[in-house]
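*Asks:* quick one: sequence plus predicted model below, questions after.
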Amino acid sequence: MVEPPPDPAPSYPRIAVVTGADRGIGKATALALARDGFDVGFTWHDDEAGAADTARRIGELGRAGAATWLDTTELPSCAPAIASLATQLGGLGAFVNNVGVGLNTSVLDTTLQDWTRILDTNLNGAFLCLQEAARLMVAGGAGGRIMAVTSVHAHQPKYGYGAYCASKAALDGLVKVLALELAEHHITVNAVAPGEIATHLPRDETRHAHDIPRPGIPLGHAGLATEVADVIAFLASPAAGYVTGASWEVDGGMSQMGAQASSLLPDDGWRSAAPG
């Protein structure tokens, strides 16, 4: 068998920008990318001490870092924040849109103010950040990797999550269109859709997240932020060069159960075949 010629796609810079990396999935992602050899710029919003810790740990991994505060509901500030971080680090090869907030309110009770806040944070701000990252990569001419953190609820509705589901479903659609439009520039675009991730356990919870039973999730437990980050890091790597326009569910099998069942089943009875 004749060996195929080397891939002619240019090599993208080992420079990444991650939004919302002061805690949770964003923090774990920034550190995973630094571990894998990226210099990492990131935005933060709530936790200044957490942002400082992220920056310190990027440095301990031997990589350059940069950070800036960003509220993605302040739409005019989104693109300049991404451009500033890329400029400070000398380019952009990978971008991760991670920022997102939830709202547990029925559609009938959702106010326009809350609807707008969710859509601005999860979709409109994301659009501006993704657009700027894409423009920077196209201008750089060396290709790149773009990832957006969505949710299993981009694909499955959940009672009381109208605004959240709408924002994540729309973001998933945007990812797919970007994958088509940016392919000619050697830029891949993918979504990562987490299920229940143990990023906000109570302070008095001493058990590892994998030791807290979740009967409605096939793997039996919630996931860790690092388990989502490792999938994002793979998609940012050369090994994922032929993957674009996909949505990677990191949910322990939750999406196979349905959004309602996975969170509400009280025991493991579903694991046995029903009579007849």
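*Replies:* All right, it came through fine.
*Asks:* which residue ranges form the helices in this structure?
*Replies:* Along the chain, the segments classed as helices by DSSP state H run 24-35, 48-60, 78-89, 112-119, 125-140, 162-182, 225-235, 259-264.
*Asks:* for residue 192, which of those is the nearest?
*Replies:* Proximity to residue 192, assessed across the helices of the chain by Cβ to Cβ, is greatest for helix 225-235 (5.5 Å). C-beta coordinates here come from the backbone N, C-alpha and C atoms, glycine included.
*Asks:* how many neighbouring residues does the residue lying closest to residue 82 once chain neighbours are set aside have?
*Replies:* The spatial neighbour of residue 82 that comes closest, neighbours along the chain excluded (Cβ to Cβ, 6 or more residues apart in numbering), is residue 132 at 4.5 Å. Residue neighbour count, defined by other Cβ atoms under 10 Å, stands at 20 for residue 132.
*Asks:* of all residues in the chain, which one is nearest the centre?
*Replies:* Centrality entry for the chain: nearest residue to the mean C-alpha point is residue 149, 2.3 Å, by Cα atoms, centre = their mean.
*Asks:* for the nearest residue to that one once chain neighbours are set aside, give its distance to residue 110.
*Replies:* Using Cβ to Cβ, 6+ apart and skipping residues adjacent in sequence, the residue nearest residue 149 is residue 98, 4.6 Å away. Distance, residue 98 to residue 110, by Cβ to Cβ, to the nearest Å: 24 Å.
*Asks:* residue 83 contacts residue 134, correct?
*Replies:* No. Using Cβ atoms under 8 Å, residue 83 makes no contact with residue 134, being 12.0 Å away.
*Asks:* neighbour-wise, which of those two wins?
*Replies:* residue 134 (20 against 16).
*Asks:* and that one, what pLDDT?
*Replies:* Looking at residue 134, its pLDDT is 98.
*Asks:* ok, it - contacts?
*Replies:* Taking Cβ atoms under 8 Å, 6 or more residues apart in numbering as the criterion, residue 134 is in contact with 95, 146, 178, 182, 187.
*Asks:* ranking those residues by neighbours, who comes first?
*Replies:* Top of the contacts of residue 134 by neighbour count (other Cβ under 10 Å): residue 95, with 29 neighbours.
*Asks:* cool, thanks, talk later.
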